[in-house]
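K.L.:
Have a look at this prediction, sequence included:
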Number of protein chains: 2
Amino acid sequence: MNIRLRHDAIVRSLRRTGTATIDALADDVGASRRTILRDICALRDQGFVIHSEPGRGGGLQLDPQSVQTTARLAVTEVFALLISVAAMRAAGGLPFSDLADSGLAKIERALPGDKVRDLRRFLDCLHIGQLSPQQDLSDMGPMDPALLPAFERAFLQRHLLRFHYRDAQGRETKRVVEPQAMLILPPLWYLVAWDPARDDFRHFRMDRIGTPVVEEGATFRRRHVPFDADVCPYRDLAG
Amino acid sequence: MNIRLRHDAIVRSLRRTGTATIDALADDVGASRRTILRDICALRDQGFVIHSEPGRGGGLQLDPQSVQTTARLAVTEVFALLISVAAMRAAGGLPFSDLADSGLAKIERALPGDKVRDLRRFLDCLHIGQLSPQQDLSDMGPMDPALLPAFERAFLQRHLLRFHYRDAQGRETKRVVEPQAMLILPPLWYLVAWDPARDDFRHFRMDRIGTPVVEEGATFRRRHVPFDADVCPYRDLAG
DNA sequence: GATAATGGTGCCATTTTTTGTCACCATTGA
DNA sequence: TCAATGGTGACAAAAAATGGCACCATTATC
């Protein structure tokens, strides 16, 4: 039997029986006593909490709280989870935000190294806040999640972004900007960008941005994004 | 080299180089051509999308969208993630809530069957809403995450809960109640319970509940919890 | 059409890892 | 004391992974 299947079988058996002796497990999964002991070691290394009681009447016991699950996640899914938990924390937090963080940390550790670096650099560009209750959301449009890859690429490789923008008054303008940060004020997202044509920062509400095009040829340098009330008064500033 | 490490190395190499030939990969990770081919097979089985182009100028190419990660999560961590994403969605949502859901669905599928049932039943008891801005949070205390297991047990096995409760005026009372639901108004949590002594529903703010004791002997039946404005006016009701 | 570069498969001997067996130790309750 | 239990080390046997080889199919280039 495959070693991973056997590990799963041992966990199942322990969950079912509550307490089991090594010999019972060996019988159950069809392996030798020694192998079971090696498996128990491996499972403990993997984070399962298995209590053992020596002596007559003893045995092995799996802490049900430590039952774990493995899932394969795409990078974008990990990203979405990170944002959700971070935004929730910014919104006031839940008693279990710490637990969620520890889960996410495990997920992050499992990511390939370069993806972690990318993710970190992208997350560094994110600023999460709370929307003031006065904000009028009546005209909020949907945002296309498919935009994300373009933004990620523009942010990570410092490429200029070109898009059409429709402002609060419905005026449409063409923009070529340096994407410097993302501002999240659930449920709104803003792109904070340096607009070279206007020589100033501008905030663009993501649901008002037309399909963006990454300008592969041009790069820019990062600027200090001032997130104070003067520059970022939590409203649409892209006039 | 360990087989898993080599698989990781291959994925890294493919990500770095874009397109690579089998021989180049073999050189890179220090294995034979045959082994690389077997590894590619295994990676494809694991869900990585690897395009291959035969003939001169061909090679292997990893679909960057298919990079995946596996993490082992404890059940409580899964629970915390579910709550965070659900609460975020209730608070207005993010453009990526759907992606987060798809990630969580994968995680949930990987959980052992009985744990999924428990989790569902517990989640059914959760009601997530938004706090009205008028709520005074100045006296908000910390909530002990260690309370969770007791609540989970009480909910799932329909056991009465006994605890001390300190109301908004600071009065302390003893309670023995039927836990019927949890109301989450970030950052506050409420226990919605039927209080047999008062023959009515009561809302208890979680941070005002003393260490709860599960009454193993007594069980109760579930009641319809009315979540309308009359019964749940988003304030502390446990008078 | 020939040729070289590429992905892909089957076979088998060799190397590495995993497994089983055995002897032994420590702890516990009867 | 004794029997039942968890735990460790050593070593040979069994199983799995690996490398090398021959060979096939496809493709671009000469």
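P.N.:
Now that the structure is in, tell me what you want to look at.

K.L.:
Ignoring the adjacent residues along the chain, who's closest to the spatially most central residue of chain A?
P.N.:
Using C-alpha atoms, centre = their mean, the residue of chain A that lies closest to the mean C-alpha position is residue A:82, 2.3 Å off. Among residues not flanking residue A:82 along the chain, residue A:104 sits closest, at 6.0 Å (C-beta to C-beta, 6 or more residues apart in numbering or on different chains). C-beta coordinates here come from the backbone N, C-alpha and C atoms, glycine included.

K.L.:
and the gap between that neighbour and residue B:171?
P.N.:
40 Å (C-beta to C-beta, to the nearest Å).

K.L.:
what about these two, which has more around it?
P.N.:
Between residue A:104 and residue B:171, counting by other C-beta atoms under 10 Å in any protein chain shown, residue A:104 is the more crowded of the two (22 against 10).

K.L.:
tell me which element that one is part of?
P.N.:
For residue A:104, the host element (DSSP states H and E) is helix A:97-110.

K.L.:
what helices or strands is that helix leaning on?
P.N.:
helix A:75-90, strand B:68-74, helix B:75-90 (3 or more C-beta pairs under 8 Å, 6 or more residues apart in numbering or on different chains; DSSP states H and E).

K.L.:
what are the bridge partners for residue A:219, then?
P.N.:
Beta-bridge pairing of residue A:219 under DSSP bridges involves residue A:159.

K.L.:
what's around it, how many residues?
P.N.:
Residues within reach of residue A:219, counting by other C-beta under 10 Å, total 12.

K.L.:
which ones are touching it?
P.N.:
Taking C-beta atoms under 8 Å, 6 or more residues apart in numbering or on different chains, we find residue A:219 in contact with A:157-160.

K.L.:
which of those lies closest to residue A:190?
P.N.:
residue A:160 (17.8 Å; C-beta to C-beta).

K.L.:
so the closest one makes contact with residue A:215?
P.N.:
Yes. Residue A:160 lies in contact with residue A:215 (C-beta atoms under 8 Å); the separation is 4.1 Å.

K.L.:
Is it correct that residue A:74 is in contact with residue B:100?
P.N.:
No. With contact defined as C-beta under 8 Å, residue A:74 does not reach residue B:100; the gap is 11.5 Å.

K.L.:
okay, the two: which has more neighbours?
P.N.:
Neighbour count, other C-beta under 10 Å: between residue A:74 and residue B:100, residue B:100 has more, with 28 against 18.

K.L.:
Chain neighbours aside, what residue packs nearest to the more buried one?
P.N.:
Excluding its sequence neighbours, the residue lying closest to residue B:100 (C-beta to C-beta, 6+ apart) is residue A:80, at 3.9 Å.

K.L.:
quick one: that neighbour from residue A:6, how far?
P.N.:
Between residue A:80 and residue A:6 the distance is 34 Å, computed by C-beta to C-beta.

K.L.:
Please say which of these two ends up with more neighbours.
P.N.:
A direct count of neighbours by other C-beta under 10 Å for residue A:80 and residue A:6 places residue A:80 higher, at 26 against 18.

K.L.:
Please name the residues that touch that one.
P.N.:
Neighbour list for residue A:80: B:94, B:96-100, B:103 [criterion: C-beta under 8 Å, 6+ apart].

K.L.:
By neighbours, which of those wins?
P.N.:
Within the contacts of residue A:80, most neighbours by other C-beta under 10 Å means residue B:100, with 28 neighbours.

K.L.:
need the strands for chain A, in chain order.
P.N.:
For chain A, the strands defined by DSSP state E occupy A:19-20, A:50-53, A:59-62, A:68-74, A:126-128, A:159-166, A:172-185, A:188-195, A:200-205, A:213-219.

K.L.:
most packed of the ones you listed?
P.N.:
A comparison of these by mean neighbour count, using mean count of other C-beta atoms under 10 Å in any protein chain shown, puts strand A:188-195 on top with a mean of 23.

K.L.:
That strand: how far from the chain's middle?
P.N.:
Centroid displacement of strand A:188-195 relative to its chain, using C-alpha atoms, centre = their mean, to the nearest Å, is 20 Å.

K.L.:
export the helix holding residue A:104 as PDB, just CAs?
P.N.:
Provided in PDB are the C-alpha atoms of helix A:97-110 (Å, rounded to 0.1, in the frame of the first residue of the first chain):
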ATOM      1  CA  SER A  97      -8.700  36.300  12.600                       C
ATOM      2  CA  ASP A  98      -5.600  34.900  14.200                       C
ATOM      3  CA  LEU A  99      -6.600  31.400  13.400                       C
ATOM      4  CA  ALA A 100      -7.300  32.400   9.800                       C
ATOM      5  CA  ASP A 101      -3.900  34.000   9.600                       C
ATOM      6  CA  SER A 102      -2.200  30.900  10.900                       C
ATOM      7  CA  GLY A 103      -4.100  28.900   8.200                       C
ATOM      8  CA  LEU A 104      -3.000  31.400   5.500                       C
ATOM      9  CA  ALA A 105       0.600  31.300   6.800                       C
ATOM     10  CA  LYS A 106       0.600  27.500   6.200                       C
ATOM     11  CA  ILE A 107      -0.800  28.000   2.700                       C
ATOM     12  CA  GLU A 108       1.800  30.700   2.000                       C
ATOM     13  CA  ARG A 109       4.600  28.500   3.200                       C
ATOM     14  CA  ALA A 110       3.500  25.900   0.700                       C
END
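
K.L.:
What's the local residue count around the residue of chain A found nearest DNA strand C?
P.N.:
Residue nearest to DNA strand C within chain A: residue A:55 (2.3 Å; C-beta to the nearest atom of the strand). Using other C-beta under 10 Å, residue A:55 has 6 other residues around it.

K.L.:
got it, and residue A:150?
P.N.:
Residues near residue A:150, counting by other C-beta under 10 Å, number 18.

K.L.:
One more: residue A:38?
P.N.:
Using other C-beta under 10 Å, residue A:38 is surrounded by 13 other residues.

K.L.:
ditto for residue A:58
P.N.:
When neighbours are defined as other C-beta under 10 Å, residue A:58 has 13 of them.

K.L.:
check contacts around it.
P.N.:
So residue A:58 contacts A:21, A:52 (C-beta under 8 Å, 6+ apart).

K.L.:
and if you look at the one 5 residues further on?
P.N.:
For residue A:63, the residues meeting the contact criterion (C-beta under 8 Å, 6+ apart) are A:48-51.

K.L.:
pLDDT at the residue of chain A positioned farthest from its centre, what is it?
P.N.:
Going by C-alpha atoms, centre = their mean, the residue of chain A most distant from its centre is residue A:56, 47.9 Å out. Note on residue A:56: pLDDT of 86.
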